[in-house]
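Trainee: Next come a sequence and a model predicted from it.
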Amino acid sequence: MLYIYIVIAIVSMYVIYHYSGYLNIIGKRKNKNKNIFLCIVIFLICTYFFAVLIGFSLYSVNVPLFCFYGIIIISALLKRLIFSYMPKKSREIYDCIFVHRGFHFQVPENTLAAYGPVLGKFGIEMDVRYLKRDHNIICFHDRYTSRLLGVPGKVSNYTYDELRQNKYKGSNIRVVKLQKALKQIACRSVLLIEVKGYMTKGYKLEFERILKKYNGKVYFHCKNIITYYKLTRMYPKRVFWVLNPFRKRFNFLKGKHYNGIFDRFIGLFEEASIEVPSLEDISQVLVDAIEDNKSVKEICATISGVLNNYTSRIDKNHWLLNSLKIHRGIVSDRYPENSLKSIEACIKFAKYTNTRVALELDLVYYNKQVVCYHSDKVSNKLGQEQSCAEKIDLKEAVTLYDVLKLAVDSDCYDLVSFMFDFKDFHYKNRILEKEFIRLIDETCYRGNFSVQAWNPLVLMYFEKVRPEYIRGQVGHSLSGLIKYVPLNGLPWVVNVLLFNRSHADFCAYDASNYIYVLIKYNKDIKGRPVFIYAPKSEQEIKSFIGREQIAGFIIENPLNPKAWSKRYIRKFKKKDN
């Protein structure tokens with residue numbers, strides 16, 4: 001049976017090697033050496049499943065686990081084949097960054113105002129449509145006019161003069177012809193033109209006439225398969241089919257990368273009376289970012305960073321960055337975590353040393369009260385280290401009311417702040433958060449505090465009902481789960497989803513060396529300060545990978561002179577005016 005399988009595999013490879021060119025919708029490839037990788041993938045797939053059958057029948061192999069890892073390996077190979085395929089005829093286009101429909105930041109898409117700011121810096125992607133009544137070709141994306149022009153109707157049923165009577169929504173800009181756009185671009189940027197709709201004879205003649213007068217580098221792509229084949233006859237080796245699954249995606253910089261960020265924070269601009277960055281400001285930042293041929297991710301990071309710098313509520317003078325952050329109030333391992341004794345010791349330490357401190361306390365709802373308590377049940381499964389202090393029983397936990405009354409009575413708002421961590425994993429039940437708000441109002445607490453949680457729904461609730469609260473998203477490396485779930489990308493997926501939903505002002509991670517990418521994502525792309533919990537000595541901070549990216553550490557046991565130097569503690573001392 002083994003010999004029969006080998007013969008079949010060799011014959012299959014031979015057939016695939018000679019005829020796999022037909023699998024590629026872009027066209028046949030004369031160089032058959034490019035098909036070798038496809039043959040290897042098919043051969044490995046056949047070999048793998050044959051091995052599964054032999055192992056299952058003869059050697060009692062753990063087939064489910066074997067299949068699981070096999071699917072991962074095969075998926076990686078297919079990803080390399082399908083989604084990274086770059087045809088030889090047009091490799092250079094994949095090195096170019098195209099601004100999608102022009103740089104339409106506060107200006108309409110596919111207009112001269114959108115093309116102008118980025119000329120000569122990177123490629124421009126534009127959409128064109130044919131007007132069958134007067135045989136003009138315009139730069140316009142939609143089939144209908146309502147979204148962009150605010151009037152009903154189909155674009156192809158209008159004439160150019162009729163369209164010019166209407167302005168784009170929210171601007172004084174009007175529709176532009178393809179010839180005028182090409183005249184402005186003047187060969188300064190690589191063009192990628194998406195041809196919209198079915199290419200009739202008149203469409204084809206007019207399109208060819210206009211492009212004959214343009215000497216710049218132009219590529220084309222379209223969705224209509226008939227239009228695609230007509231364009232391939234006109235412009236061989238420069239046409240792409242949008243729906244081709246065997247082609248690598250283009251490097252696009254889209255409006256969602258900058259408009260979405262701006263729209264999300266526009267309310268904060270108005271509330272905080274912060275000057276909104278102008279189009280010229282953002283355009284200049286974008287142009288500067290791409291002069292060195294940076295990737296789309298780096299460009300998006302630059303844009304997001306600039307907008308976040310305008311809107312961030314945590315600047316270099318914020319109390320969160322200038323306070324000694326103490327994990328679970330553990331100022332010394334002599335006092336239990338989240339206990340009234342440890343909180344009193346923190347307040348005494350702050351007053352005696354004139355040091356700004358921020359106490360991180362865990363909150364749960366127990367017996368119809370909000371109490372300070374942390375359960376290690378979930379933390380142990382996630383792989384988080386236990387604190388250096390003892391735990392108190394849940395029945396003896398201190399209430400939030402007592403903590404707030406202690407803070408109010410001590411009258412040290414300028415020295416002591418709080419970081420309240422909500423241990424609430426409910427989907428809809430927000431009783432803990434509602435009770436927290438009630439206690440803040442009832443005790444008349446006026447000091448600095450922030451709210452944080454692992455559950456993004458908690459932060460979304462506070463964003464809705466108390467937008468003035470500083471919000472922090474707690475992330476995790478999930479190192480404990482990786483032992484049981486063989487997916488290295490799991491922490492990245494979970495944390496990215498959390499942070500995109502919560503719209504937090506800062507983020508906090510456990511002290512793990514596996515979260516460097518997550519730190520870069522939040523700091524550089526999302527523009528959020530990153531805190532790390534909970535190192536127990538200064539040496540742990542020095543050995544932490546990526547510590548230069550960290551805004552601060554939430555530490556334990558700062559009263560231990562062997563673990564923390566006076567120099568480190570002195571950094572948070574309040575300066576006398």
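Mentor: Now that the structure is in, tell me what you want to look at.
Trainee: how about the helices of the stretch 401-550 of the chain, start to end?
Mentor: 431-443, 456-465, 479-482, 490-502, 516-520, 538-542 (DSSP state H, counting those that start in this stretch).
Trainee: ok, of these, where does mean pLDDT dip lowest?
Mentor: Within these, the least confident segment by mean pLDDT turns out to be helix 479-482, at a mean of 48.
Trainee: got a list of what Phe531 touches?
Mentor: By C-beta atoms under 8 Å, 6 or more residues apart in numbering, the contact set of Phe531 is Leu320, Lys325, Gly472, Phe506, Cys507, Ala508, Tyr509, Ile550, Ala551, Gly552, Phe553, Ile554. All C-beta spots, glycine's among them, are computed from the backbone N, C-alpha and C.
Trainee: residue ranges for the helices of the stretch 151-300 of the chain, please.
Mentor: Going by DSSP H, counting those that start in this stretch, the stretch 151-300 of the chain shows helices at 160-164, 178-185, 201-212, 225-234, 259-272, 279-290, 296-311.
Trainee: Point out the other helices and strands that the second one packs with.
Mentor: If I follow you right, that is helix 178-185. The helices and strands touching helix 178-185, judged by 3 or more C-beta pairs under 8 Å, 6 or more residues apart in numbering; DSSP states H and E, are helix 112-115, strand 123-131, strand 136-139, helix 201-212.
Trainee: Same list, those, but as a markdown table with mean pLDDT, distance to Phe103 and mean neighbour count please.
Mentor: Listed next are these as a markdown table, based on pLDDT from 0 to 100; distance: least, C-beta to C-beta, whole Å; neighbours: other C-beta atoms under 10 Å:
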| stretch | mean pLDDT | distance to Phe103 | mean neighbour count |
| --- | --- | --- | --- |
| helix 112-115 | 92 | 6 | 22 |
| strand 123-131 | 94 | 9 | 23 |
| strand 136-139 | 95 | 14 | 22 |
| helix 201-212 | 94 | 23 | 15 |
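Trainee: out of the ones you listed, nearest to Ile343?
Mentor: If you check each of the helices and strands packed on helix 178-185 against Ile343 by C-beta to C-beta, helix 112-115 wins as the nearest, at 56.1 Å.
Trainee: picking that back up, dump the helices and strands packed on helix 178-185 to CSV, plus distance to Gln106.
Mentor: As requested, these are arranged in CSV below (distance: least, C-beta to C-beta, whole Å):
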stretch, distance to Gln106
helix 112-115, 9
strand 123-131, 18
strand 136-139, 18
helix 201-212, 29
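Trainee: The nearest residue to Met199 once chain neighbours are set aside and Val242: what is the separation?
Mentor: Take Met199 and drop its neighbours on the chain: the residue closest to it by C-beta to C-beta, 6 or more residues apart in numbering is Thr227, 4.2 Å away. Distance, Thr227 to Val242, by C-beta to C-beta, to the nearest Å: 10 Å.
Trainee: Looking at these two, which one has more neighbours?
Mentor: Comparing Thr227 with Val242 by neighbour count (other C-beta atoms under 10 Å), the higher total belongs to Thr227, at 21 against 13.
Trainee: So for Ile193, what's the nearest residue that isn't a sequence neighbour?
Mentor: By the measure of C-beta to C-beta, 6+ apart, the closest residue to Ile193 outside its immediate chain neighbours is Phe220, 5.3 Å from it.
Trainee: got the CA positions of stretch 406-426 in PDB?
Mentor: Only the C-alpha atoms of stretch 406-426 are listed here, as PDB (Å, rounded to 0.1, in the frame of the first residue of the first chain):
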ATOM      1  CA  LEU A 406     -10.400  57.100  56.000                       C
ATOM      2  CA  ALA A 407      -9.100  59.100  53.000                       C
ATOM      3  CA  VAL A 408     -11.500  61.900  53.600                       C
ATOM      4  CA  ASP A 409     -10.600  62.200  57.300                       C
ATOM      5  CA  SER A 410      -6.900  62.000  56.700                       C
ATOM      6  CA  ASP A 411      -7.200  65.100  54.400                       C
ATOM      7  CA  CYS A 412      -4.200  64.200  52.200                       C
ATOM      8  CA  TYR A 413      -5.700  64.500  48.700                       C
ATOM      9  CA  ASP A 414      -2.400  66.000  47.400                       C
ATOM     10  CA  LEU A 415      -0.400  62.900  48.500                       C
ATOM     11  CA  VAL A 416      -2.700  59.800  48.400                       C
ATOM     12  CA  SER A 417      -4.700  58.700  45.300                       C
ATOM     13  CA  PHE A 418      -6.400  55.400  44.400                       C
ATOM     14  CA  MET A 419      -6.500  53.000  41.400                       C
ATOM     15  CA  PHE A 420      -9.700  50.900  41.800                       C
ATOM     16  CA  ASP A 421      -9.500  47.600  40.000                       C
ATOM     17  CA  PHE A 422     -13.000  46.100  39.500                       C
ATOM     18  CA  LYS A 423     -13.200  42.300  39.700                       C
ATOM     19  CA  ASP A 424     -16.400  42.200  37.800                       C
ATOM     20  CA  PHE A 425     -16.800  39.500  35.100                       C
ATOM     21  CA  HIS A 426     -20.600  39.900  34.500                       C
END
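Trainee: Pull out the buried positions in it.
Mentor: In terms of neighbour count (16 or more other C-beta atoms under 10 Å), stretch 406-426 has its buried residues at 406-407, 410, 412, 415-424.
Trainee: How about stretch 540-547?
Mentor: Using 16+ other C-beta under 10 Å as the burial criterion, the residues of stretch 540-547 that qualify are Glu540, Ile541, Phe544, Gly546.
Trainee: In CSV: these, plus distance to Leu231.
Mentor: CSV is the format used below for the buried residues of stretch 540-547 (distance: C-beta to C-beta, whole Å):
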residue, distance to Leu231
Glu540, 61
Ile541, 59
Phe544, 55
Gly546, 48
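Trainee: Out of the residues you listed, which comes closest to Glu162?
Mentor: Nearest to Glu162 among the buried residues of stretch 540-547 is Gly546, at 58.3 Å by C-beta to C-beta.
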